[in-house]
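> A predicted structure for the sequence below; I have some questions about it.
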Amino acid sequence: TQLLEQSPQFLSIQEGENLTVYCNSSSVFSSLQWYRQEPGEGPVLLVTVVTGGEVKKLKRLTFQFGDARKDSSLHITAAQPGDTGLYLCAGEGGSYIPTFGRGTSLIVHP
Amino acid sequence: SAVISQKPSRDICQRGTSLTIQCQVDSQVTMMFWYRQQPGQSLTLIATANQGSEATYESGFVIDKFPISRPNLTFSTLTVSNMSPEDSSIYLCSVRVRGLKTQYFGPGTRLLVL
């Protein structure tokens, strides 16, 4: 069974601060996805990374896939209240069923 | 990508009753899944819905409690049977689009069992 450790579990920050969320595993993943889920909604896909060392940017969000494809990070620059939500990472290995991290609940205060 | 709709979006049910949740996708997808999400928690996979055959259930979930149908490539239902307050949760339909390394999620069904 592949496990994906996500940290921190909770983050409460002020608008304008930077933050990083981590997903780590001892297993190698063929791809890794990051989702954001707002209250009352389903998870929405932010990005998929597939290549070791890959970096993708989505406005103020920067996603990185580890060189060994065992870990990933999400960095948010100058967080805004609209970034509030539950961030989930999900890694895919040999099967088509992803392993989800426990999620990081982010609150950005104005 | 895929546009997924779920019905109902939310419901309040009495203990001992059953609720059927519908999931409709706007395109043909290879795989459909049902997840459960406790408030503020991550996702737990209930089962993979297989077209024309019995669903594949994860450990801890059984067909008698969570019967699933998938009559075609774009539609599936999940029934939560003989509900108890412990079944209060968000139930999410998810699909995998052909050729993409990604799953997409529906908006979820919020269930409260009294």
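Arrived safely. Numbers count the residues shown, from 1 in each chain, chains lettered A, B, ... in the order given.

> quick one: average confidence on stretch B:41-48?
Along stretch B:41-48, the predicted local confidence has a mean pLDDT of 91.

> Any chance you could list what contacts it?
Contacts of stretch B:41-48 with the rest of the structure, by Cβ atoms under 8 Å, 6 or more residues apart in numbering or on different chains, involve A:6, A:43, A:88, A:97, A:100-103, B:31-38, B:55-58, B:61, B:66, B:68, B:78, B:91-92. Where you see a C-beta, it was placed from the backbone N, CA and C, and this is true even at glycine.

> Now go through those and say which are in helices.
Of the contacts of stretch B:41-48, none are assigned to helices by DSSP state H.

> Put the buried members of the residues you listed into a PyMOL selection.
Only the buried members of the contacts of stretch B:41-48 end up in this PyMOL selection, burial being decided by 16 or more other Cβ atoms under 10 Å in any protein chain shown:
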select buried, (chain A and resi 6+43+88+97+100+101+102+103) or (chain B and resi 31+32+33+34+35+36+37+55+57+61+66+68+78+91+92)
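
> and the contacts of stretch B:41-48, which of them are in strands?
When DSSP state E is applied, the contacts of stretch B:41-48 are split such that A:6, A:88, A:100, B:31-37, B:56-57, B:68, B:78, B:91-92 fall in strands.

> which stretches of chain B form strands?
For chain B, the strands identified by DSSP E occupy B:4-7, B:10-13, B:19-25, B:29-37, B:43-49, B:56-57, B:68-72, B:75-80, B:89-97, B:103-105, B:109-113, in order along the chain.

> Oops, could you answer that again for chain A instead?
Chain-ordered strands for chain A, with DSSP E as the definition, fall at A:5-7, A:10-14, A:19-24, A:31-37, A:44-49, A:55-58, A:61-65, A:71-76, A:85-92, A:99-100, A:104-109.

> what's the most buried one of those?
By mean neighbour count, with neighbours taken as mean count of other Cβ atoms under 10 Å in any protein chain shown, strand A:85-92 ranks first of the strands of chain A at a mean of 24.

> can you dump the C-alpha coordinates of that strand into CSV?
Listed next in CSV are the C-alpha coordinates belonging to strand A:85-92 (Å, rounded to 0.1, in the frame of the first residue of the first chain):
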residue,chain,number,x,y,z
GLY,A,85,-9.6,25.8,1.3
LEU,A,86,-8.5,22.2,1.7
TYR,A,87,-5.5,21.3,-0.4
LEU,A,88,-5.1,17.6,-1.4
CYS,A,89,-2.3,15.8,-3.0
ALA,A,90,-2.9,12.5,-4.8
GLY,A,91,-0.2,10.2,-6.2
GLU,A,92,-0.7,7.5,-8.8
